[in-house]
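Asker: starting from these lines, generate the structure:
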Amino acid sequence: MFWEKKLDAWVDSIRTASALPLRLVLWNGQQYDFGNGAPEVTLKVPQASAITSLLNPSLSNLGEAYVEGKIEVEGAVKNIISVASALASNTLKAEGKFGRLVRSVAHSKKKDAEAIQYHYDVSNDFYKLFLDPNMVYSCAYFENGDEDLATAQVKKIDHILDKIRLQPGQTLLDIGCGWGALVLRAAQKYGARCVGVTLSQNQYDLARERVEQAGLSDRIEIRLQDYRDVTGSFDRITSVGMFEHVGIKNLPMYFSQINKLLADDGMAMNHGITSTDINNGESPYGAGEFIDKYVFPAGELPHISTVLHTLQQGGLEAFDVENLRRHYARTCSVWAENFESNTEAIRRVTDERRYRIWRVYLAGSAYAFDSDWISLYQIVCTKAGRGAQGLPWSRNYIYHH
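Answerer: Numbers count the residues shown, from 1 in each chain. Below is the predicted model:
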């Protein structure tokens with residue numbers, strides 16, 4: 001048959017390129033080993049229609065076939081992601097590193113709200129099964145490299161609040177406040193008065209509940225609100241893991257809004273994922289396409305140079321930039337490990353399709369950060385044009401403890 005010859009030729013080409021710890025098992029019992037030793041990953045194809053996904057094994061095609069149940073995969077998820085990446089890189093001819101032009105994504109308040117709700121309103125019980133007890137869904141900070149996830153997430157929040165020199169009595173706006181961990185810490189430890197905004201109903205409900213339980217309703221206000229609709233003036237502004245949803249074309253407006261809301265002598269910090277492609281392209285081999293379709297609709301990752309350029313267009317000056325790529329690789333690895341160890345519980349609170357999406361997304365993200373496909377930067381900024389005397393002499397104040 002035509003597809004048999006094509007498949008034989010494809011397997012031979014992969015074997016020639018590199019030995020992979022992979023076994024392919026077809027619906028008729030035929031199997032192919034791609035390496036000499038025992039396979040770490042077994043890919044089962046129960047029907048002939050899935051062959052096309054294999055012959056063009058972009059991470060998008062392979063991910064879709066797995067999510068939609070067209071293929072079954074056995075093995076540790078870390079090994080599955082590594083083998084899938086090797087298949088893609090050995091088969092596809094990427095144009096440059098990233099191989100895909102930048103998508104043009106339309107953003108509006110309605111579309112952004114729908115995208116946020118799709119990702120975050122799965123269920124709070126779902127997220128509790130792989131996040132830390134405080135439910136911090138962003139890059140942790142492993143100061144010494146040996147912290148557990150819960151400790152590293154508290155250290156991340158303190159790292160941010162130390163960077164912006166948060167003082168007792170100051171007002172803090174947290175854009176994209178999640179389940180409220182940062183504003184709770186800012187009020188409890190630093191004595192700030194906080195406003196947290198989110199577009200996720202589930203996050204809003206639980207964050208408010210946590211604020212009430214902590215007895216901090218007089219210090220913290222949680223709002224179900226778009227950041228573009230916030231008014232007033234704040235001494236400090238944080239945005240953690242939110243600006244990925246803004247859209248590259250909207251970044252000047254986003255930073256202008258932060259500028260507008262920031263007190264003249266205030267400080268802000270943007271913590272977000274970036275592309276490592278200078279042209280703001282997506283992750284290579286179709287990984288970005290999979291993320292857009294199944295995980296983060298309308299999400300866009302700018303290069304760090306674009307972030308700094310648009311930040312300045314928004315009237316802000318960056319004076320501290322830190323790369324936490326290694327920290328996010330570790331964070332995603334721990335999330336993926338938690339996800340694997342809680343497989344049965346996760347399957348009870350969601351459907352099989354979403355379970356598969358998140359399984360490959362978390363492990364794939366760890367691989368992407370580790371491989372320098374994507375990165376994570378924290379940028380501390382102030383309003384542009386301020387006198388230099390208002391800036392710190394060194395970074396020692398961040399590490400005062």
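Asker: which element, helix or strand, includes Cys332?
Answerer: Assessed by DSSP states H and E, Cys332 sits inside helix 325-341.
Asker: contacts for the helix or strand following that helix?
Answerer: As assigned by DSSP H and E, the chain's next helix or strand after helix 325-341 is helix 343-349. The set of residues external to helix 343-349 that reach it, using C-beta atoms under 8 Å, 6 or more residues apart in numbering, is Ser123, Asp125, Phe126, Leu129, Phe130, Phe339, Tyr355, Trp358. Using the backbone N, CA and C atoms, a C-beta is placed for each residue, glycine as well.
Asker: how near is the second one to Gly286?
Answerer: In other words, Asp125. The gap separating Asp125 from Gly286 is 31 Å, by C-beta to C-beta, to the nearest Å.
Asker: which one of the two is surrounded by more residues?
Answerer: Taking neighbours as other C-beta atoms under 10 Å, Asp125 and Gly286 compare with Gly286 leading, 24 against 13.
Asker: just the pLDDT for the more buried one.
Answerer: Listed pLDDT for Gly286 reads 80.
Asker: OK, contacts around it?
Answerer: Gly286 neighbours (C-beta under 8 Å, 6+ apart): Ser58, Leu59, Ser60, Asn61, Gly63, Ala88, Leu92, Arg100.
Asker: can you report phi and psi for it?
Answerer: phi 90, psi 0 (degrees, to the nearest 10).
Asker: distance of it relative to Ser371?
Answerer: Per C-beta to C-beta, Gly286 is found 14 Å from Ser371.
Asker: just put the contacts of Gly286 in JSON lines and tack on neighbour count and distance to Leu376.
Answerer: Below are the contacts of Gly286 laid out as JSON lines (neighbours: other C-beta atoms under 10 Å; distance: C-beta to C-beta, whole Å):
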{"residue": "Ser58", "neighbour count": "23", "distance to Leu376": "24"}
{"residue": "Leu59", "neighbour count": "27", "distance to Leu376": "20"}
{"residue": "Ser60", "neighbour count": "23", "distance to Leu376": "23"}
{"residue": "Asn61", "neighbour count": "23", "distance to Leu376": "27"}
{"residue": "Gly63", "neighbour count": "26", "distance to Leu376": "22"}
{"residue": "Ala88", "neighbour count": "22", "distance to Leu376": "23"}
{"residue": "Leu92", "neighbour count": "17", "distance to Leu376": "26"}
{"residue": "Arg100", "neighbour count": "20", "distance to Leu376": "21"}
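Asker: go through those residues and name the one nearest Phe34.
Answerer: Ala88 (13.7 Å; C-beta to C-beta).
Asker: now the angle from the helix or strand where that closest one lies to helix 325-341?
Answerer: Secondary-structure element containing Ala88, defined by DSSP H and E: helix 77-91. On the basis of axes from the mean of the first three to the mean of the last three C-alpha atoms, to 10 degrees, helix 77-91 is oriented at 120 degrees to helix 325-341.
Asker: return stretch 354-364 as PDB; C-alpha atoms alone will do.
Answerer: C-alpha atoms of stretch 354-364 as PDB (Å, rounded to 0.1, in the frame of the first residue of the first chain):
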ATOM      1  CA  ARG A 354      -8.800  18.400  29.000                       C
ATOM      2  CA  TYR A 355      -6.700  16.000  31.000                       C
ATOM      3  CA  ARG A 356      -4.600  15.200  27.900                       C
ATOM      4  CA  ILE A 357      -4.300  18.900  26.900                       C
ATOM      5  CA  TRP A 358      -2.900  19.900  30.300                       C
ATOM      6  CA  ARG A 359      -0.700  16.800  30.600                       C
ATOM      7  CA  VAL A 360       1.200  17.600  27.400                       C
ATOM      8  CA  TYR A 361       1.000  21.400  28.000                       C
ATOM      9  CA  LEU A 362       2.700  21.300  31.400                       C
ATOM     10  CA  ALA A 363       5.500  18.900  30.500                       C
ATOM     11  CA  GLY A 364       5.900  20.600  27.100                       C
END
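Asker: just checking, Glu68 touches Tyr294?
Answerer: No: using C-beta atoms under 8 Å as the test, Glu68 is too far from Tyr294 to be in contact (9.9 Å).
Asker: any idea which element Glu143 lies in?
Answerer: Counting by DSSP H and E, Glu143 is part of no helix or strand.
Asker: count of neighbours near it?
Answerer: Around Glu143 there are 16 residues (other C-beta under 10 Å).
Asker: for the closest residue to it other than its chain neighbours, list the residues it contacts.
Answerer: Nearest residue to Glu143 in three dimensions, chain neighbours excluded: Lys155, at 5.3 Å (C-beta to C-beta, 6 or more residues apart in numbering). Taking C-beta under 8 Å, 6+ apart as the contact definition, Lys155 lies against Ala140, Tyr141, Phe142, Glu143, Glu147.
Asker: quick check: Lys155 vs Gly215, distance?
Answerer: Taking C-beta to C-beta, one finds Lys155 at 24 Å from Gly215.
Asker: can you pull the buried residues of the helix or strand in which Asp8 is found?
Answerer: Asp8 belongs to helix 2-17 when elements are defined using DSSP H and E. Neighbour counts using 16 or more other C-beta atoms under 10 Å place Leu7, Trp10, Val11, Ile14, Arg15 of helix 2-17 among the buried residues.
Asker: same question, stretch 81-91
Answerer: Neighbour-count burial for stretch 81-91 [16+ other C-beta under 10 Å]: Ile81, Ser82, Val83, Ala84, Ser85, Ala86, Leu87, Ala88, Asn90, Thr91.
Asker: can you give me the end-to-end span of stretch 18-36?
Answerer: 11 Å (C-alpha to C-alpha, to the nearest Å).
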